[in-house]
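Asks: I'll drop the sequence and a predicted model, then ask my questions.
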Amino acid sequence: MQRQTVYPPICGLTALALAALAPLACTNDAGSDASTTFESFSSNGGDGDGDDEEEETSGDGDTGDGDGDGDTTCGDGIVDPNEECDLGPENADDNVCTTACTLAVCGDGFLYTEFEECDDGNADNNDDCVSGCVVATCGDGFTQEGVEACDDGNDVEDDSCTSACTPSSCGDGVVQDGEQCDDGNGDDSDQCPGSCQLAYCGDGYVQAGTEECDDGNQADDDACLPTFCVPASCGDGYIQAGVEECDDANLEDGDTCPSSCQNAFCGD
């Protein structure tokens, strides 16, 4: 216990003055030494209740819940320093003040039903609950893993990602940049084959009812003639390499290139 030395007071002060100076001691012995000292307990010597014990004061900023007992309880209807809100029995995880006495915010893991569609407690925009606490949908600009292949945030059909959130491709039924046609099927014998370019002689696809052959080139000395995509034959005017020696576009046998499309010779 710390002791403090003080100068002696003048005796005979009024009771009020003495009370103000308590607990200083005063002597009635006028003959005592003027240097007599008086002792009192320092201000930290007790809490004033006579038991020499000082009431403990918390230094953590927790001043209690307002009812004088020093306790803090979420749900008592009193907003304590460590609480953002407290509505008492109205605290709820789907309300503005949660059961943790925190204000509802998007991303806290509590579903505030009045304003949120979902709340998964994370900032991941590739799952089923995205920014703004709304349920993920095609066209929201976030690619949902395992569900969408792409999501460009619009409903434009002729860009790289369709309104179905699938990458654009030939055969998806949507004419994209670089495509002349797209009939949404894999039939190579119609007017729009697998290349998504309008069918033509020489594209390598035999168009039903229009072409007899199509070897994908414009060569006129092979088995399929260009322009009309018909098989090469003697008398068509084109010399088929490795098959014909001549072809004068007729089948007359009296000229230099008879109907055999072999050069005429004596004895042929």
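Replies: Perfect, I can see it now. Numbering: from 1, shown residues only.
Asks: how many other residues sit next to T72?
Replies: Applying other C-beta atoms under 10 Å, we find 18 residues neighbouring T72. The way it works is simple: take the backbone N, C-alpha and C, and place the C-beta from them, glycine included.
Asks: where are the low-confidence patches of the protein?
Replies: Residues of the chain meeting the criterion pLDDT under 70: 1-71.
Asks: in the stretch 1-150 of the chain, which spans are strands?
Replies: With strands called from DSSP state E, counting those that start in this stretch, the stretch 1-150 of the chain shows them at 3-6, 38-41, 129-130, 134-135.
Asks: counting by contacts, list what the following helix or strand past the last one packs against.
Replies: Right, strand 134-135. Downstream of strand 134-135, the first helix or strand assigned by DSSP states H and E is strand 224-225. Here strand 224-225 touches strand 230-231, going by 3 or more C-beta pairs under 8 Å, 6 or more residues apart in numbering; DSSP states H and E.
Asks: what strands line up against the strand it packs on, and which way round?
Replies: Under the criterion DSSP bridges, strand 230-231 sits next to strand 224-225 (antiparallel) in its sheet.
Asks: report the distance from the strand it pairs with to the chain centre.
Replies: Using C-alpha atoms, centre = their mean, to the nearest Å, the mean C-alpha position of strand 224-225 is found 56 Å from that of the whole chain.
Asks: need the contact partners of that strand.
Replies: Applying C-beta atoms under 8 Å, 6 or more residues apart in numbering, the contact partners of strand 224-225 are 213-215, 230-232, 236, 238.
Asks: same thing but 6 Å
Replies: With contacts defined as C-beta atoms under 6 Å, 6 or more residues apart in numbering, strand 224-225 is touched by 213, 215, 232, 238.
Asks: ok, those vs F110, which is closest?
Replies: Using C-beta to C-beta, D215 comes nearest to F110 of the contacts of strand 224-225, at 68.3 Å.
Asks: the residue nearest to the closest one when sequence neighbours are not counted bridge partners, please.
Replies: Among residues not flanking D215 along the chain, C224 sits closest, at 4.3 Å (C-beta to C-beta, 6 or more residues apart in numbering). Judged by DSSP bridges, the bridge partners of C224 are P231.
Asks: against C192, how distant is C224?
Replies: Per C-beta to C-beta, to the nearest Å, C224 is found 21 Å from C192.
Asks: still on that earlier bit, just the buried residues of the contacts of strand 224-225.
Replies: Neighbour counting by 16 or more other C-beta atoms under 10 Å classes 215, 232, 238 among the contacts of strand 224-225 as buried.
Asks: put together TSV for these, with distance to G139 on each row.
Replies: As requested, these are arranged in TSV below (distance: C-beta to C-beta, whole Å):
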residue	distance to G139
D215	44
A232	54
Y238	55
